[in-house]
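A.B. asks: sequence plus predicted model, see below.
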Amino acid sequence: MDQDEDWDSPNDIQYQPQKQYVPKQQYNKMTAHNPDDLLMDINSQFAGLVIGKGGAIIKGLRKDSGAFISVLDSDTYGLKTVKISGNQKAKEHAQKLISDIIDANDPDKIKQRLLKESEQSAPVQSTFNWDELMKEEAENLKKRLAALPPIIKDFYKEHPEVTAMTDQEVEEFRMSKNNIMIKYIDENNMKPIPKPVLKFSHAFGDYPEILEEIQKQKFETPSPVQCQAWPVIMSGHDLIAIAQTGTGKTLAFLLPAFIHIDFQQTPRSERKGPSILVLAPTRELVLQIESEVKKYSYKGIKAMSIYGGASSGKQKEVLRQGVEIVIATPGRLNDFVGSGAIDLSDVTFLILDEADRMLDLGFEPQIRVSLLRVRPDRQTIMTSATWPPGVKRLAKSYTTNPIQVMVGSLDLTTVNTVKQDILIMDEEEKESWLDDFLKSCSADDKIIIFVNRKVTVDQLSSDLCMKGLIVESIHGGREQSDREMALESLRNGEVNILIATDVASRGIDINDITVVINYDFTKDIEEYVHRVGRTGRAGKTGLAITLMTRKDWGKAKELVEVMEKSGQDVPPELQEMASRFEAKKERDRAEGGDRPFRGGRGGGRGFSRGDGGFSGNRRNNY
Ligand code: AMP
């Protein structure tokens, strides 16, 4: 069996396969008036094509399909609804005909076709008038925005102590705060960038209620990302924060969001839906953000989360009662948008949290569709742990002239406070090592054991239970309520040991974890950083122990880099492992050209003992 087969995958996500323009569930959107009608949302730019001059096309469509078709008047941020009535067959036929018309005229589809056809050297002529379309779109947008109240984004007054800082002082301060790097994404933009704040009162001096809430949390000083994000966001800029969970990024966008809600012209009671929308990749993260929001109270602002795997009826009920902040996974949000359960037209502040992760999980189509309903002149904040091309593209589509704040390249601020130990051993030795280790732990320890597969979580849990230990476990295959209960038990100290897969690792926001054990090595180095960052939080130190076997040798080099950057002593065995792997790669290249190399997993003629490798028992002492 391929080892990857039952690696835990984020199956808590309401994944939807890629759709064309609007998701299928929107096609089937039901109305209260006539539940048999089929409602199909189309981009407004295509409405004219469906109607045709003097209604010629729509008449033809009615005749061909036998269905009654009408394009409804209302336009919600670029979408119009086509209502199709009649018998099922006729409705489906009409839907297909309309999809074909749109397909034939969709600029993206045309571009793809032209590209394909030009590759085949077939001369093609596009009849589509691009300039005309762009002009029309720009006009439509102008009209739509003119009818809406302007968004108030700037409520920042620089504190005199911040103003007094010289450029050099600003530079030095940024360096001292984990080397904050900040710039406009558009490097030609020469406008000034807000200086960082040094204290909470620099950012929120004019908002005593916010300062009080911060004081209640007993935070001493703003985290690096907060120092720079607050002045940027509060003065109205779009922001891209390259930061991970554990860096204080949630509060970086949350506190300005509270003020933003309060500042808008439309009274809160008259808004048709939330003002703040946070999109996050997994339900754990959604719940974590929600619980973070709920730690603060500001002018009665309410927040709720929308995610798959829990009753949507309950979520809709809370939504109906009125909330200002919605935190959602893209899949479930898309369902809500499609069924008309949520109105996003009053969203003026949007957060795309962990954008890289959302892309990895294939959420781009859902994000695109839902965001068609959000005002394009909103303020947008995006966070991401990494900055790959996909995230850059998303940033280009959804932010306007953004400022980027980066705290270290691979943000290691979270792991600097963690002692990282690496033990190299055979797979069969792991179990008895774990037994010994757990016996040596004290009752005050809180331990997370990370593994890669759901089945390992279950096996290890029952093994440890048989040995009389009380453990909890969490993986993507467990019910949401069980996962929440498991986390709660660890948080409140009912259990001291949690066994988890990576799917769950991002959502774990427990400040007093003392030890992280990587029982299996992570799939990639970013995940290693995330796991390790579950300990050593909120100013405490932590210990992370990673068990490596020879099959993990392909990841040794990156691990060495991370350890060096976070000030750890690299064990010579690991260094040696990395060098051997690199040498082997070189040899393979020389011998066989560019054979794809499967570093780490059952890797070919890999690192056997006969290869001069390590003896089975190289471990550090504890
Ligand atoms: P986040 O990066 O948003 O996941 O935050 C991780 C944890 O850090 C949360 O429990 C926050 O409450 C906490 N936190 C946020 N800002 C600060 C701060 N300035 N000082 C200490 N802890 C903070």
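C.D. replies: On my side now, so go ahead. Remember, predicted model here, so these are calculated numbers, not experimental data.
A.B. asks: show the end-to-end separation of stretch 344-363, please.
C.D. replies: End-to-end distance for stretch 344-363: 18 Å, by Cα to Cα, to the nearest Å.
A.B. asks: show me the contacts for the spatially closest residue to F363 that is not a sequence neighbour.
C.D. replies: Distances taken as Cβ to Cβ, 6 or more residues apart in numbering place P330 nearest to F363, at 4.2 Å, with adjacent residues excluded. (Glycine included, C-beta is placed from N, CA and C.) Contacts for P330 (Cβ atoms under 8 Å, 6 or more residues apart in numbering) come out as 279, 281, 358, 363, 366-367, 370.
A.B. asks: tell me which of these fall in strands.
C.D. replies: L279 (DSSP state E).
A.B. asks: R531: which of the contacts of P330 is nearest?
C.D. replies: P281 (16.4 Å; Cβ to Cβ).
A.B. asks: so which residues on this structure come close to the ligand?
C.D. replies: Those residues of the chain that sit near the ligand, judged by Cβ under 6 Å from any ligand atom, are 219, 222-223, 226, 245-251, 509, 511, 538.
A.B. asks: quick one: those residues as CSV, columns for secondary structure too.
C.D. replies: Formatted as CSV, the residues of the chain next to the ligand follow (DSSP: H, G, I helix; E, B strand; the rest coil):
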residue, secondary structure
F219, coil
P222, coil
S223, coil
Q226, helix
T245, coil
G246, coil
T247, coil
G248, coil
K249, helix
T250, helix
L251, helix
D509, coil
N511, coil
A538, coil
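A.B. asks: dihedrals phi and psi, the most centrally placed residue in the chain?
C.D. replies: By Cα atoms, centre = their mean, the chain has its centre lying nearest to E354, at 2.7 Å. Per-residue torsions, E354: phi 50, psi 60 (degrees, to the nearest 10).
A.B. asks: same check, this time on T247
C.D. replies: phi -100, psi 0.
A.B. asks: cool, and D421?
C.D. replies: phi -110, psi 140.
A.B. asks: re earlier: please tell me how far the residue nearest to the centre of the chain sits from F200.
C.D. replies: 25 Å (Cβ to Cβ, to the nearest Å).
A.B. asks: what about the longest helix in this protein?
C.D. replies: Determined from DSSP state H, the single longest helix within the chain is helix 572-592.
A.B. asks: packing partners of it?
C.D. replies: strand 418-424, helix 556-565 (3 or more Cβ pairs under 8 Å, 6 or more residues apart in numbering; DSSP states H and E).
A.B. asks: buried ones in it?
C.D. replies: 573-574, 576-578, 580-581, 584 (16 or more other Cβ atoms under 10 Å).
A.B. asks: now those as JSON lines including distance to D377 and pLDDT?
C.D. replies: As requested, those are arranged in JSON lines below (distance: Cβ to Cβ, whole Å; pLDDT from 0 to 100):
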{"residue": "E573", "distance to D377": "56", "pLDDT": "88"}
{"residue": "L574", "distance to D377": "51", "pLDDT": "91"}
{"residue": "E576", "distance to D377": "56", "pLDDT": "89"}
{"residue": "M577", "distance to D377": "53", "pLDDT": "88"}
{"residue": "A578", "distance to D377": "50", "pLDDT": "89"}
{"residue": "R580", "distance to D377": "56", "pLDDT": "86"}
{"residue": "F581", "distance to D377": "51", "pLDDT": "85"}
{"residue": "K584", "distance to D377": "55", "pLDDT": "80"}
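A.B. asks: wait, which of the residues you listed is closest to H93?
C.D. replies: F581 (59.3 Å).
A.B. asks: does that closest one touch K551 like I think?
C.D. replies: No. Using Cβ atoms under 8 Å, F581 is not in contact with K551; the gap is 11.1 Å.
A.B. asks: in the stretch 51-200 of the chain, what residue is nearest the ligand?
C.D. replies: F200 (7.9 Å; Cβ to the nearest ligand atom).
A.B. asks: contacting residues for that residue?
C.D. replies: 211, 214, 219, 221-222.
A.B. asks: give me the buried subset of those.
C.D. replies: The buried subset of those - by 16+ other Cβ under 10 Å - is 211, 214, 222.
A.B. asks: which among the residues you listed gets closest to the ligand?
C.D. replies: Looking across the buried ones among the contacts of F200 and measuring by Cβ to the nearest ligand atom, the closest to the ligand is P222, at 5.1 Å.
A.B. asks: what sits against that closest one?
C.D. replies: P222 neighbours (Cβ under 8 Å, 6+ apart): 197-200, 203, 230, 248.
A.B. asks: relative to I180, how far out is it?
C.D. replies: P222 is 11 Å from I180, by Cβ to Cβ.
A.B. asks: report the secondary structure state of I510.
C.D. replies: Applying three-state DSSP: I510 is coil.
A.B. asks: go ahead and confirm it touches E488.
C.D. replies: No. If you go by Cβ under 8 Å, I510 and E488 don't touch, sitting 9.8 Å apart.
A.B. asks: neighbour count for these two, which is higher?
C.D. replies: Neighbour tally, I510 and E488, criterion other Cβ atoms under 10 Å: the higher count belongs to I510, 17 against 13.
A.B. asks: find the nearest non-adjacent residue to that one, please.
C.D. replies: I510 sits nearest to R491 (Cβ to Cβ, 6+ apart), 5.1 Å away.
A.B. asks: one more: K89?
C.D. replies: Per Cβ to Cβ, 6+ apart, closest to K89 is G66, 7.8 Å.
A.B. asks: good, we can wrap up now.
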